[in-house]
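A.B. asks: Have a look at this prediction, sequence included:
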Amino acid sequence: MHGDGKRYWHTNLKYLTAILSVWFLVSFGCGILWVEQLNQIRIGGFQLGFWFAQQGSIYTFVVLILVYVGLMNRLDAQYRAEEADS
């Protein structure tokens, strides 16, 4: 059981690291670092860099929450099944 707990948390931290990295790249990268380059692209009349700074990072955050919930539900089910087998 102890080894399963370590694997569970290792996988959980891997998911968190990946999700937070995506969020950082979208919010900080697209909203601040690469805003000038992205502003050369227009979508619906708005500059893409402006859109990411105002809306895109929020939408991305909501999608990442949903992805994390799905990943954790799958991970929890996997480890519950392993516990039931023990």
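C.D. replies: Alright, I've got the coordinates.

A.B. asks: all contacts plus neighbour counts: C-alpha atoms, from now on.
C.D. replies: OK.

A.B. asks: how near is the residue nearest to the spatial centre of the chain to Glu36?
C.D. replies: Centroid check for the chain by Cα atoms, centre = their mean gives Ile19 as the closest residue, at 2.8 Å. In this view, Ile19 and Glu36 are 25 Å apart by Cα to Cα, to the nearest Å.

A.B. asks: which stretches of the chain form strands?
C.D. replies: In the chain, strands defined by DSSP state E lie at 42-43, 46-47, listed in chain order.

A.B. asks: Ok, which of those strands comes nearest Gly29?
C.D. replies: Nearest to Gly29 among the strands of the chain is strand 46-47; the distance by Cα to Cα comes to 15.2 Å.

A.B. asks: how about the nearest residue to the residue nearest to the centre of the chain, chain neighbours excluded?
C.D. replies: Spatial nearest neighbour of Ile19, excluding adjacent residues (Cα to Cα, 6 or more residues apart in numbering): Leu64 at 6.5 Å.

A.B. asks: so how many other residues sit close to the one you found?
C.D. replies: 18 (other Cα atoms under 10 Å).

A.B. asks: Give me the distance between it and Gly70.
C.D. replies: For Leu64, the distance to Gly70 equals 10 Å [Cα to Cα].

A.B. asks: Noted, bye for now.
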